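*Asks:* here is a sequence with its predicted model. Questions after.
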Amino acid sequence: GDSVTQMEGPVTLSEEAFLTINCTYTATGYPSLFWYVQYPGEGLQLLLKATKADDKGSNKGFEATYRKETTSFHLEKGSVQVSDSAVYFCALSEAGGGNKLTFGTGTQLKVEL
Amino acid sequence: EAEVAQSPRYKITEKSQAVAFWCDPISGHATLYWYRQILGQGPELLVQFQDESVVDDSQLPKDRFSAERLKGVDSTLKIQPAELGDSAMYLCASSFGSGLGRETQYFGPGTRLLVL
């Protein structure tokens, strides 16, 4: 079945550091890929998405590129802020799969001054 | 900006009691989802509705969980009887539909359940 693997956290960075959170996936078809962010005590917010190979999703300085050849969708940001501290979830939805989201286990990011 | 509403935000109950959670999706969204998120894990789909019909409840523990969306708008998820292992965050999400371009899911703030 479909699955998503994320790097384990917590990831601790200093403000203005470069961020990479790795995400790889297994799917039988051509899924859409998503990054969601969850701030403490809140629900999930869509951060960015990509629906086909080589698409780049971007939002609020975060970027991720859909790499079909490596089945990856790594999240990057050039300069993190304290306010980026949250849990980040990589997810996929399989084409023809009824739009069900399959999530990774999440990666906690802590940004310190 | 339109949001998915959920209530209550927090619920503490004793095992063997009944609990119910309510969700009001974004207006115009035909598809509604209930997910369960155990602490430290990603959400897992429990049930998906298209309008008032269930399209996927394969992971719903049907001996104790039930879900309905009678008029194709708001939805209720019920657990009876609650067990200790049901302690989790219950998230509701909605989307316009399930086809490409309509599939983005928007999540509510969740209901955190603690079963004692």
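*Replies:* Arrived safely, thanks for sending.
*Asks:* nearest to chain B: which residue in chain A?
*Replies:* Per C-beta to the nearest C-beta, the residue of chain A with the smallest distance to chain B is residue A:103, at 3.0 Å. Backbone N, C-alpha and C define where each C-beta goes, glycine included.
*Asks:* who touches the closest residue in space to that residue that isn't next to it in sequence in this structure?
*Replies:* Excluding the flanking residues, the one nearest residue A:103 by C-beta to C-beta, 6 or more residues apart in numbering or on different chains is residue B:42, at 3.0 Å. With contacts taken as C-beta atoms under 8 Å, 6 or more residues apart in numbering or on different chains, residue B:42 has the following neighbours: A:4, A:89, A:91, A:103, A:104, A:105, A:106.
*Asks:* looking at chain B, which residue is nearest chain A?
*Replies:* Proximity of chain B to chain A (C-beta to the nearest C-beta) peaks at residue B:42, 3.0 Å away.
*Asks:* for residue A:61, give its distance to residue A:17.
*Replies:* The spacing between residue A:61 and residue A:17, counted by C-beta to C-beta, to the nearest Å, is 13 Å.
*Asks:* for residue B:9, same thing?
*Replies:* 34 Å.
*Asks:* who is residue B:53 paired with across the strands?
*Replies:* Under the criterion DSSP bridges, residue B:53 forms beta bridges with residue B:50.
*Asks:* what's residue B:59 in contact with, if anything?
*Replies:* Each residue near residue B:59 by C-beta under 8 Å, 6+ apart is listed here: B:44, B:45, B:46, B:47.
*Asks:* the third one against residue B:36, yeah?
*Replies:* This means residue B:46. Yes. Applying C-beta atoms under 8 Å, one finds residue B:46 in contact with residue B:36, separated by 5.4 Å.
*Asks:* what bridges to the closest residue to residue B:39 other than its chain neighbours?
*Replies:* The spatial neighbour of residue B:39 that comes closest, neighbours along the chain excluded (C-beta to C-beta, 6+ apart), is residue B:88 at 7.2 Å. In this structure, residue B:88 has the following beta-bridge partners (DSSP bridges): residue B:113.
*Asks:* dump the residue contacts of residue B:88.
*Replies:* Neighbouring residues of residue B:88 by C-beta under 8 Å, 6+ apart: B:36, B:37, B:38, B:39, B:112, B:113.
*Asks:* tell me what the helix or strand hosting the first one is packed against?
*Replies:* Under the criterion of DSSP states H and E, residue B:36 resides in strand B:31-37. On a contact count with 3 or more C-beta pairs under 8 Å, 6 or more residues apart in numbering or on different chains; DSSP states H and E, strand B:31-37 meets strand B:44-50, strand B:75-79, strand B:88-95.
*Asks:* could you pull out the strands for chain A?
*Replies:* Listed in chain order, the strands of chain A (DSSP state E) span residues A:3-6, A:11-14, A:19-21, A:23-26, A:32-38, A:44-50, A:56-59, A:62-65, A:75-77, A:86-93, A:101-103, A:107-112.
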